[in-house]
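Q: Take a look and give me a structure for this.
(2 chains)
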2 protein chains.
Amino acid sequence: MNIVIIGGVAAGAKAAAKIKRLLPDANVSIYTDDTHVSYSSCGLPYYIEGNFTDYRALLVRSVEEFNAAGINVYLQSKVEKILIPQQQVLVCSNTDARLEKYDRLIIATGARPLIPNIINVNNFDNVYTVRKIEDGIAIREKMLQSKRVVIVGSGFIGLELLEAFVKNGLEVSVIEKSNRIMAAFDTDISELILKRLESIENRNFKFYTNEIVSEIIGENKTATAIKTISGKIIETDMIVLSSGVVPNSELAKDAGITTGESGAIKVNKLMQTSVPNIYACGDCCEEPHLISGKSVWVPLGSTANKEGRVAALNAAGIYTPFEGVLGSAVSRCLNTTMSMTGLTEKEAIESGFNPVCAIVSKPDIVPYMPDVGDITLKVIADKTTGLLLGGQAIGSLGADKRINSLATALLAHMTVSDFRNNDLTYSPPYSTTIDPLLDVMNILCSRVSNHC
Amino acid sequence: MNIVIIGGVAAGAKAAAKIKRLLPDANVSIYTDDTHVSYSSCGLPYYIEGNFTDYRALLVRSVEEFNAAGINVYLQSKVEKILIPQQQVLVCSNTDARLEKYDRLIIATGARPLIPNIINVNNFDNVYTVRKIEDGIAIREKMLQSKRVVIVGSGFIGLELLEAFVKNGLEVSVIEKSNRIMAAFDTDISELILKRLESIENRNFKFYTNEIVSEIIGENKTATAIKTISGKIIETDMIVLSSGVVPNSELAKDAGITTGESGAIKVNKLMQTSVPNIYACGDCCEEPHLISGKSVWVPLGSTANKEGRVAALNAAGIYTPFEGVLGSAVSRCLNTTMSMTGLTEKEAIESGFNPVCAIVSKPDIVPYMPDVGDITLKVIADKTTGLLLGGQAIGSLGADKRINSLATALLAHMTVSDFRNNDLTYSPPYSTTIDPLLDVMNILCSRVSNHC
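A: Model (predicted):
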């Protein structure tokens, strides 16, 4: 049996390793246009920051390890076409083109950075995106010779890069087209993140919200400034674009495989596309949202790993449904933890719920302890049923802990009332006597119709 | 309406504050034989350690705050008798005895240290227990003049004290009658805790397991050594007894209120004792275990707070069931986090389950990050049904995070299969791509009959 996997960063690498274990006799091949396989893309901001100096720490499995496991890896080998009736893929390298047969195909083509519509955006060598190992190496090299940087976009990756650059002494300008930073969060939480970051003394970074970069200015392939639609000119030594990603779904779409509203590949719970022997997993495909029931596109490394595993199991004939995602995420920026799970208030309304929410801000552990930090925690529930819908936390490093407990509650479709007396651990170095998560549930209880 | 509350540390203080808000016209009084009211007993080891210097940081609400809220607080006023037919309590202070009427009585008498059966245990001034504010003050004072200490008992409090004394430069001997330290954990985890603590270089502490202190030796009210049943003599400047606690339930029992097998007061889900207008909450009463369904006695500050609130609501006529506890706990000893929830393997067998378990030891965040620590995580499930039963974690500071997610899963009665694709947050500073909790679930899945 020939199993072809297109793409090998997270989902593809996981799928290959898993399916080879399940079907040791199968011929398993990974084709990727990348120069590396199986690496932690999420680690690039920390490599750029200098938390470690050898980029090879980001590699999970080497080509040699794949080969030793009996898996073929073809780097810089782009699949240009999927021929569904023939069950073949057209693979092109720099020098060669060939057709490869498949019995099962797993598409794990991932996502790529969105390139905003900016004049000259492709004309300079010091304009970067952050996705591949080479991107990280190039940005770090340039950063070490730079004094100023412009980051376009203030989402998770934008703020992780902000930390990296600030810690390396650069003056950072962040341009955000929305009226607020970290727009994945609800407005009230976004505003708190901004306030928190802007309260840092002697900070060497500035946010420009409601601003769009219209043009990049420079000469001899070197950008020297950006110009915004409001007419601002900000001089810079380098520019990083982190305005989001788009799914690499064109290959599938061209072959006639169904894509969803998001543009990503549609799959069922078995990670099967509209063509039964073709599976998709990771950042190139949609997944069901566990709370809204909608098909959503939440490209995240943790999900990619799970989906790669599930796709492999199903492709190997072992029925394994993937129930869906919550969109749980966490990110750090300069000692601020930002974390979320489930639906935001806005998404809850769009999904037909009647959301109510509660917010608490309090110390994250008992205030007499030396390492006390703070947490602001927002939890959203459906007013009518009390069903928990989502939550967001910002604060010190322990903020993500509460979001993981909440994610578990969302997975179990718990109500506020179910959760409120949850026996969470307590000891002064770890929590307040009544955990912030229980405090917020107690308040929320009084706001849902289904009283508790 | 007269509401009398006996005891005012955690459950009693919480109950008083809550019921006064619910019934503003009621006459609410706290009687306690203590010299303080409403304080964090769990914080005493950290006060002793010197994390903060003013013990008043441990006080949650002062007498003045209670009075301002219209709540009477009677310190050093011991309730000597509950007269059920008369609905009165007999209160004795040093100089005075009087009878007080109650319409609702809330018993929150807490627990007291177990005094082991040791010759001369009560004859010396430098033999301590850790429960009240005065205990903390006395131990800290003595510690600052001491070089050696013997701790009797190696449970949560024993190990918290170990940290406190070690950080203050004392030579510490811990005597444990069991064959292992931290015997609340399963044997394998206990052994790992021991190994971890004993791997600390130049450590100034020693564990003696399978040892019982038979006698305390000294003169002029000053202990100078302990003698063990195996004949060891360990010289010391002070001795702290932390061999567990016993419920202060005699008052209730003498009045004819039903107590359980543990000796603590039996209550129903409304925290009601066998006498309908008498409630009990906190360390003096039993509670249902959410997994085993048994009535258990798990005296913990976080539970006491919840029960105090629930007792107040029900005493005020607002139907509020308390579903029970998981026995979730966490403790720190010298950078080791030890945390647990639900049933241990041993308890699972005793409760009629057919437990299987999985253990993983791995980095707690991606290994290329500078603050990487480690975690060993054990999760227990029922082989037949896949129902999650409990778990234990030891490791770096993030170990408790996984236990709180697991506690939430236990509360929801999730199976291994329900949990395995839980959308937990991931980012390199916070987790591994596949969280240790998901790793352990994946292994556990293959060991339960209800495959996933």
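
Q: Give the full set of residues in contact with whichever residue of the stretch 1-150 of chain A sits closest to chain B.
A: Nearest to chain B, among the residues of the stretch 1-150 of chain A, is residue A:57, at 3.7 Å (C-beta to the nearest C-beta). From N, CA and C alone the C-beta is placed, and that goes for glycine too. Applying C-beta atoms under 8 Å, 6 or more residues apart in numbering or on different chains to residue A:57 gives the contacts A:43, A:47, B:367, B:368.

Q: Counting neighbours, which of these comes out on top?
A: Most neighbours among those, by other C-beta atoms under 10 Å in any protein chain shown: residue A:43, with 25 neighbours.

Q: close enough to count as contact, that one and residue B:426?
A: No. With contacts counted by C-beta atoms under 8 Å, residue A:43 stays clear of residue B:426, the gap being 11.1 Å.

Q: which of the contacts of residue A:57 lies closest to residue B:254?
A: Distance to residue B:254, by C-beta to C-beta, is smallest for residue B:367 among these, at 59.2 Å.

Q: mind checking the SS state of residue A:67?
A: helix (DSSP: H, G, I helix; E, B strand; the rest coil).

Q: Test for you: state the pLDDT assigned to it.
A: The per-residue pLDDT reported for residue A:67 equals 98.

Q: Setting aside sequence neighbours, what's the nearest residue to it?
A: Of all residues not flanking residue A:67 in the chain, residue A:73 sits nearest, at 6.9 Å (C-beta to C-beta, 6 or more residues apart in numbering or on different chains).

Q: can you tell me which residues contact that neighbour?
A: Counting by C-beta under 8 Å, 6+ apart, residue A:73 has contacts A:8, A:29, A:30, A:32, A:37, A:63, A:66, A:67.

Q: which SS class is the third one?
A: Per three-state DSSP, the secondary structure class of residue A:30 is strand.

Q: Tell me how many other residues crowd the residue lying closest to it once chain neighbours are set aside.
A: Closest residue to residue A:30 apart from its sequence neighbours, by C-beta to C-beta, 6+ apart: residue A:8 at 4.2 Å. Residues near residue A:8, counting by other C-beta under 10 Å, number 31.

Q: what's the answer for residue A:122, then?
A: Residues near residue A:122, counting by other C-beta under 10 Å: 8.

Q: Find the nearest non-adjacent residue to it, please.
A: residue A:115 (7.5 Å).

Q: what sits against the nearest residue to residue A:422 once chain neighbours are set aside?
A: The shortest distance from residue A:422 to any non-neighbouring residue, by C-beta to C-beta, 6+ apart, is to residue B:411 (5.3 Å). Counting by C-beta under 8 Å, 6+ apart, residue B:411 touches A:414, A:418, A:419, A:422, A:423, B:290, B:326.

Q: which of those are buried?
A: The neighbour-count criterion (16 or more other C-beta atoms under 10 Å in any protein chain shown) marks A:414, A:418, A:419, A:422, A:423, B:290, B:326 among these as buried.

Q: Among the residues you listed, which one sits closest to residue A:195?
A: The closest of the buried ones among the contacts of residue B:411, once distances to residue A:195 are taken by C-beta to C-beta, is residue A:419, at 28.5 Å.

Q: And the furthest pair within the contacts of residue A:57?
A: A:47 and B:367 (13.4 Å).
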